[in-house]
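K.L.:
please find the sequence and the predicted model below.
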Amino acid sequence: MHKVRIYPGKEYIFGLSVRFAIGRQQDISYTPGTDFSDHNSYLMFEHSFRETIAFYTKDEILIDSFWKEIASAYSNSSRKYHTLVHLENLNKELLPLKEKIGDWEIIVFSIAYHDIVYNTLKGDNEEESAKLAVARLNQLEIQKERIELCNSHILATKRHVANDTIDTSFFTDADLSILGYELPVYREYAQQIRKEYRYYPGPVYKAGRKKVLNHFLNMDRIFQTNHFYNLYERQARKNLTNELESLN
């Protein structure tokens, strides 16, 4: 069970709408597997982000501007899967591992920025997302080596191949966790990805999607850490195979 705390009168941003915490201070509890389709659940990752950035600046206007930039990008109408719900899911998957992660604050920033630039017509989304992350963390005057760690986390999501850094492995595994969810959830994810790539004709999309699916199925391990491997590897291979067969 995990808890976050909200405070009365504090403004929170959910997508492009604004909600307020009213009344007394509250603790909100959730367990892994929580349904994050309700916009109220976006509070969880926003809380993590605001709590983390507050270690580096007390400028509330700056903090608000950082979060609004993130919320606006992930709420773009062209996005169907790579939304605030995706960020919330990564946060949910990684919170139980917080004590095993070497630099949790950099993981939070990596979650926030890893898909902030997302254009399915271009192939440099990870690089552009990493550039923006580096720029924002430089504004916070975070140490260069830690900024480089964030940059590495984000770039690693381009191909999700094995690496020697445990924090990066946890992060990229969490990014792929949807692959190992129950089949109905996976099918919804696959449909959302197709909608994000709606500009591509069927044959072109199918060829590209098959390449992605085979990339993962040909890996010795989809999930590099034992934690995520034990949770999701078997179901992920079933789901990927099922989708691949549907595309033939």
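P.N.:
Received it, and whenever you're ready, just let me know what you need.
K.L.:
show me the domain layout of the protein.
P.N.:
Following automatic domain parsing, one finds the domains of the chain at 2-175, 176-248.
K.L.:
need those in a markdown table with mean pLDDT and mean neighbour count, can you?
P.N.:
For glycine as for every other residue, the C-beta is placed from the backbone atoms N, C-alpha and C. Shown next, in a markdown table, are the domains of the chain (pLDDT from 0 to 100; neighbours: other Cβ atoms under 10 Å):
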| stretch | mean pLDDT | mean neighbour count |
| --- | --- | --- |
| domain 2-175 | 82 | 17 |
| domain 176-248 | 97 | 15 |
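K.L.:
now do the helices in this structure.
P.N.:
Ranges of helices within the chain are 42-53, 60-74, 84-94, 104-113, 125-139, 144-156, 166-175, 183-196, 202-217, 226-247, based on DSSP state H.
K.L.:
what does the fourth one contact?
P.N.:
Spelled out, that is helix 104-113. 45, 48-49, 52, 55, 70, 87, 90-91, 94, 98, 101, 129-130, 132-133, 136-137, 146, 149-150, 153-154, 167, 170-171 (Cβ atoms under 8 Å, 6 or more residues apart in numbering).
K.L.:
nearest residue to the middle of the chain?
P.N.:
Nearest to the mean C-alpha position of the chain, by Cα atoms, centre = their mean, lies Leu87 at 3.7 Å.
K.L.:
give me the distance between the closest residue to Asn138 other than its chain neighbours and Phe109.
P.N.:
Nearest residue to Asn138, sequence neighbours excluded (Cβ to Cβ, 6 or more residues apart in numbering): Ile147, at 6.6 Å. Separation of Ile147 from Phe109 (Cβ to Cβ, to the nearest Å): 9 Å.
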